[in-house]
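Chemist: Quick one: sequence and predicted model below, then my questions.
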Amino acid sequence: MKGLFKNLLSIGDVQAVILFSSSGESLFLEDRQGVISDPSRFAVLLTMVKSLNEMDVIYSNRRVYIRSAGSSYIVVIMDRFADSAMVKLNCDVLIPELKKLKRKKGIMAQLKDLKI
């Protein structure tokens with residue numbers, strides 16, 4: 001699973017990436033700088049995104065980008081002045097790959113097989 005997020009994580013100033021299920025369960029978490037103390041706190045933001053495709057919020061010198069990916073949500077935490085266009089482009093590329101995973105076997109079963 002980490003391989004899918006490799007390009008997104010390689011963007012300068014990206015600090016963390018979380019993949020949530022539609023129910024708010026954390027499916028993938030990569031926190032390179034220890035900025036996430038409790039991933040479940042982002043579940044509140046996911047309720048706001050359900051009617052939107054994406055949301056970009058600046059808070060406490062960080063930018064939080066949330067993107068709907070069908071039945072899951074991608075949350076990217078980055079520095080305030082990170083290249084958000086590059087993050088959005090990588091999410092555009094990543095979403096079809098996540099949907100392929102879901103079609104093949106179901107994303108939850110796939111992740112459990114990977115023992116993340």
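Modeler: Looks like it came in fine. Residues are numbered from 1 along each chain as shown.

Chemist: so when I look at Leu94, I'm seeing a helix, right?
Modeler: Yes - under DSSP: H, G, I helix; E, B strand; the rest coil, Leu94 sits within a helix.

Chemist: Am I right that it is in contact with Leu9?
Modeler: No - the pair Leu94 / Leu9 is not scored as a contact, 10.9 Å apart, by CB atoms under 8 Å. Every C-beta, even on glycine, is put in place using the N, C-alpha and C of the backbone.

Chemist: Looking only at neighbour counts, state which of the two leads.
Modeler: Leu94 (19 against 16; other CB atoms under 10 Å).

Chemist: and that one, what does it touch?
Modeler: By CB atoms under 8 Å, 6 or more residues apart in numbering, the contact list for Leu94 reads Leu4, Phe5, Asn7, Leu8, Ala69, Ile74.

Chemist: out of the residues you listed, which are inside helices?
Modeler: Asn7, Leu8 (DSSP state H).

Chemist: so which two of the contacts of Leu94 are the farthest from each other?
Modeler: Asn7 and Ala69 (15.0 Å; CB to CB).
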